[in-house]
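Peer 1: fold the following.
(one chain, ligands or ions: 1)
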Amino acid sequence: MIGDKKIVFSGVQPSGNLTIGNYLGAIKNFSRFSEDYKTFYCVVDLHAITVRQVPAELRRRTYETLALYMACGLDEKKNTLFVQSHVPAHAELGWMLDCYTMFGELSRMTQFKDKSQKHSQNINAGLFTYPTLMAADILLYQTDIVPVGVDQRQHLELARDIGMRFNQIYGDTFTIPEGYMSTDTMKIMSLAEPTSKMSKSDTNQNAVVYILDSKDDVMRKFKKAVTDSEACVRYSEDKPGVSNLMSIYRAFTGKSFEEIEREFDGKGYGDFKMAVGEACADGLAPVRDEFARLMADKAHLEAVMKAGADEAAYFARKTMSKVRRKIGFVN
Ligand code: TYM
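Peer 2: The predicted structure is shown next:
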């Protein structure tokens, strides 16, 4: 708690162009906490270098991710928006927590297994200890709530375990966080392969809708989306393509699944896909416009980053001095 407010923390990696999965699963939910919670939203650039990045692109995407936070409705006066590497306490606590995290725990992380398959030439130690850094991000701010997509659930569980372990050894030090997953959109699937997650690192450009895609691109991708041969708009586990499109349509229009089924009763998938494309493109249009406006003023973005980092560092310092004392470091 800060004052009478619970604390919210989340982060997005500046490691690729952000997708509607990132938007619907995470960022769109962030602003619902702005009024009544103390919120920290971080561009987690330290996490991004677990996979090789082109320096100029990493820098550009860091600005872009911050601008997207703001374009998605996060007011910098109501939310602490900052860049992870600007607050060195993340790396510092990350190291300390490495010493309270077991090799076996990290070996079980499915994202590590996936990513080490994908990047078999670069299975670095950071990729392995990535979840400990994520735990540090969260525990550093005494976070109560972490809004994320379902792919981060295992990491979040580990953050809780590490926090509890530390508390057990040293007495109450960290708040143990809870995840917040919006059931409708916690896992947006690939349009080409609807049984796997839509991912910003997918090489198939038709599989992924980016937040900043033009309307033409959005329409084209939805037109090509994989469905099934039943030609019936109905939500069902054995219809992953159609169900995914229905989830996306619901998220952008607010209509229920029953309403959507009625709306497309007797109509083919062609009409349905066009409607989903329209709703998505129209929903993203204001974000795109606002993003362009924000990116034109780099100085303002830098001022936001700076103010955010100062604010975050203030709260991080409080936790760090407690942690140092508990572990036994000389002050
Ligand atoms: P990242 O950058 O991969 O994704 C950012 C957020 O988007 C969510 N997400 C999705 N949600 C629904 N459907 C999808 N297809 C989809 N794809 C991505 C992710 O769940 C995430 O919430 N490890 C984190 C970043 C991180 C973090 C943190 C998050 C670092 N430290 C501390 C929370 C708290 C990650 O790689 O997210």
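Peer 1: check contacts around whichever residue of the stretch 1-150 of the chain sits closest to the ligand.
Peer 2: Nearest residue of the stretch 1-150 of the chain to the ligand: residue 25, at 2.0 Å (CB to the nearest ligand atom). All C-beta atoms are positioned from the backbone trio N, CA, C, and that covers glycine. The neighbours of residue 25, taking CB atoms under 8 Å, 6 or more residues apart in numbering as the test, are 148, 149, 150, 182, 185, 186, 187, 188.
Peer 1: looking at those, which gets the smallest pLDDT?
Peer 2: Minimum pLDDT across the contacts of residue 25 is recorded for residue 185, with 77.
Peer 1: what does this structure put close to the ligand?
Peer 2: Within reach of the ligand by CB under 6 Å from any ligand atom, the chain has these residues: 9-13, 21-22, 25-26, 44, 47, 134, 137-138, 146, 148-149, 151-152, 155, 186-188, 197-198.
Peer 1: on that earlier part again, of the contacts of residue 25, closest to residue 315?
Peer 2: residue 148 (20.1 Å; CB to CB).
Peer 1: which stretches of the stretch 51-200 of the chain form helices?
Peer 2: All helices of the stretch 51-200 of the chain, identified by DSSP state H, counting those that start in this stretch, fall at 55-71, 89-98, 103-107, 110-118, 125-140, 153-170.
Peer 1: show residues contacting the second one.
Peer 2: Contacts of helix 89-98 from elsewhere in the structure, counted by CB under 8 Å, 6+ apart, are 46, 84-85, 129, 132-133, 135-137, 139-140, 162, 166, 313, 316-317, 319-320, 323, 327.
Peer 1: thinking again about what came up before, which of the helices of the stretch 51-200 of the chain has the lowest mean pLDDT?
Peer 2: The weakest mean pLDDT among the helices of the stretch 51-200 of the chain belongs to helix 110-118, with a mean of 92.
Peer 1: sorry, back to before: buried subset of the residues of the chain next to the ligand, written for PyMOL?
Peer 2: Of those, the buried ones can be selected in PyMOL as follows, counting by 16 or more other CB atoms under 10 Å:
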select buried, resi 9+10+11+12+13+21+22+25+26+44+47+134+137+138+146+148+149+151+152+155+186+187+188+197+198
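Peer 1: which of the residues of the chain next to the ligand fall in strands?
Peer 2: In this view, these that belong to strands under DSSP state E are 9, 10, 11, 12, 146.
Peer 1: report pLDDT for the fourth one.
Peer 2: I take that to be residue 12. For residue 12, pLDDT reads 97.
Peer 1: show me the beta-bridge partners of it.
Peer 2: When bridges are called by DSSP bridges, residue 12 pairs up with residue 43.
Peer 1: separation between it and residue 228?
Peer 2: Applying CB to CB, to the nearest Å, the value for residue 12 to residue 228 is 32 Å.
Peer 1: let me see the backbone angles for residue 171.
Peer 2: The phi and psi values for residue 171, taken as degrees, to the nearest 10, are phi 90, psi 170.
Peer 1: what's the neighbour count on it?
Peer 2: Residue 171 has 8 neighbours, counted by other CB atoms under 10 Å.
Peer 1: tell me who's in contact with it.
Peer 2: residue 326.
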